[in-house]
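Novice: coordinates only, sequence not included:
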Ligand code: NAD
Ligand code: MG
């Protein structure tokens with residue numbers, strides 16, 4: 001049976017002189033003109049990793065070469081623990097050894113790890129070179145490739161070194177998701193659910209109705225989820241590029257989620273898994289404060305579960321939980337700031353009474 005090809009979809013991240021397009025569609029890696037259009041000079045360095053390179057590097061390289069570009073590959077080891085200073089230096093080592101000048105465009109081909117690290121390399125190589133995101137995980141297509149946060153981890157904290165640096169373009173080829181491990185698909189869906197919950201109740205309903213299709217990687221359903229997620233994130237970023245206020249709502253589920261990641265040791269749960277469970281916890285806290293009703297809370301838990309994500313939190317002990325949440329970047333003056341739903345489809349940023357928080361944690365742990 002011939003596969004139906006969906007027409008590519010374009011949207012704009014409206015940031016004045018730093019504005020850029022996001023194109024979402026099938027087989028975009030093979031569309032030589034599309035990729036090359038966003039590359040100002042002749043030289044390109046594609047940064048990728050040992051998992052993604054065998055799958056997609058050759059196709060992207062051929063497309064670029066077909067338009068006369070000179071391509072230098074940089075292939076890094078795979079893993080969150082590789083998002084570090086050593087691998088950032090490896091990128092610079094190759095760029096300098098190959099005499100890549102300041103007109104060289106860096107292309108990030110991979111998930112959020114490659115995107116964040118390549119973006120930071122682009123922000124700092126020769127004080128800034130053009131950069132294009134080619135995200136290949138669902139999480140990167142719906143979240144990390146949009147918005148200009150770039151960086152690496154420090155042994156003492158995740159994403160602690162970085163810069164705001166916007167790409168020239170984001171090119172999301174949805175067919176690359178076919179090779180994604182199921183756990184990684186679920187992790188991306190956590191951020192999709194988050195986008196619906198904080199801003200768009202109608203989109204949340206749509207995700208509920210279509211969760212089976214999304215889990216089955218139905219091309220049309222995935223394309224819609226990616227498009228709507230990018231629209232929501234782009235709109236928030238347009239209003240608050242550097243997280244002075246509003247942008248913090250994108251951290252819904254992340255205050256609890258980060259505590260899970262740090263408490264269990266990074267990498268024990270995927271980020272998206274921790275966020276999925278964190279969404280359930282933030283919903284429970286919202287319910288206890290009377291911001292959403294029990295049926296909304298139940299819908300959120302059911303959706304997170306249907307997306308293949310954990311809904312029962314690890315038992316770290318209430319004190320440790322609170323200690324871990326206090327190190328969150330968005331806190332000020334020791335007060336933990338929570339993103340809560342009031343009601344489902346609208347986010348509020350607030351502090352909460354400690355006893356309610358402790359009850360919430362105790363009711364969510366397994
Ligand atoms: P990841 O980059 O580690 O990718 C997950 C795994 O999938 C890796 O093993 C990767 O090699 C593999 N992979 C990638 N594409 C594939 C494909 N098409 N087929 C098969 N395997 C493939 O993880 P991620 O979830 O994409 O991103 C997580 C990172 O993103 C974290 O470091 C996080 O801090 C960051 N992040 C950044 C932002 C931001 O705004 N900059 C937002 C959210 C997350
Ligand atoms: Mg996240």
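Specialist: Here it is on my side, so go on. Treat the numbers as computed from the prediction; the structure is a model and nothing was measured. Ligands and ions are numbered 1, 2, ... in the order given.
Novice: residues in contact with residue 103?
Specialist: Neighbour list for residue 103: 40, 41, 42, 43, 129, 130 [criterion: CB atoms under 8 Å, 6 or more residues apart in numbering]. (Each C-beta comes from the backbone N, C-alpha and C, glycine too.)
Novice: neighbour-wise, which of the residues you listed leads?
Specialist: When neighbours are counted by other CB atoms under 10 Å, residue 129 leads the contacts of residue 103 with 22 neighbours.
Novice: my read is that residue is in a helix, agree?
Specialist: No - counting by DSSP: H, G, I helix; E, B strand; the rest coil, residue 129 is not part of a helix but coil.
Novice: Phi first, then psi, for it.
Specialist: Main-chain dihedrals, residue 129, degrees, to the nearest 10: phi -130, psi 160.
Novice: Report pLDDT for residue 31.
Specialist: pLDDT, residue 31: 96.
Novice: ok, back up a step: can you tell me which of the contacts of residue 103 comes closest to residue 12?
Specialist: When the contacts of residue 103 are ranked by distance to residue 12 (CB to CB), residue 130 comes first, at 17.5 Å.
Novice: This structure: strands as residue ranges?
Specialist: Per DSSP state E, the chain carries strands over the ranges 9-13, 20-25, 43-49, 70-76, 105-110, 131-135, 149-154, 157-164, 169-173, 338-341, 347-350.
Novice: Of all these, which one is nearest ligand 1?
Specialist: Across those, ligand 1 has its closest neighbour in strand 149-154 (3.7 Å, CB to the nearest ligand atom).
Novice: That closest one - what's its average pLDDT?
Specialist: The average pLDDT for strand 149-154 rounds to 96.
Novice: Output the set of residues of the stretch 101-250 of the chain in proximity to ligand 1.
Specialist: Proximity of the stretch 101-250 of the chain to ligand 1, by CB under 6 Å from any ligand atom, involves residues 110-114, 116, 136-137, 139-140, 143-144, 147, 149, 159, 176, 179-180, 184, 187.
Novice: List buried residues within those.
Specialist: For these, a neighbour count by 16 or more other CB atoms under 10 Å gives the buried set as 110-114, 116, 136-137, 139-140, 143-144, 147, 149, 176, 180, 184, 187.
Novice: Give me the subset of the residues you listed that lies in helices.
Specialist: Using DSSP state H, the members of these that fall within helices are 112, 113, 114, 116, 139, 184, 187.
Novice: ok, these vs ligand 1, which is closest?
Specialist: The closest of those to ligand 1 turns out to be residue 112 (CB to the nearest ligand atom; 2.1 Å).
Novice: who's in contact with the closest one?
Specialist: 135, 137, 139, 140, 143, 144, 145.
Novice: Just give the nearest non-adjacent residue to it, would you?
Specialist: residue 144 (3.6 Å; CB to CB, 6 or more residues apart in numbering).
Novice: how long is stretch 18-37 end to end?
Specialist: 16 Å (CA to CA, to the nearest Å).
Novice: swap in stretch 152-165?
Specialist: Terminal-residue distance, stretch 152-165 (CA to CA): 13 Å.
Novice: Can you mark which positions in that stretch are buried?
Specialist: For stretch 152-165, a neighbour-count test (16+ other CB under 10 Å) marks 152, 153, 158, 162, 164, 165 as buried.
Novice: Please apply the same query to stretch 217-224.
Specialist: By 16+ other CB under 10 Å, the buried positions in stretch 217-224 come out as 219, 221, 222, 223, 224.
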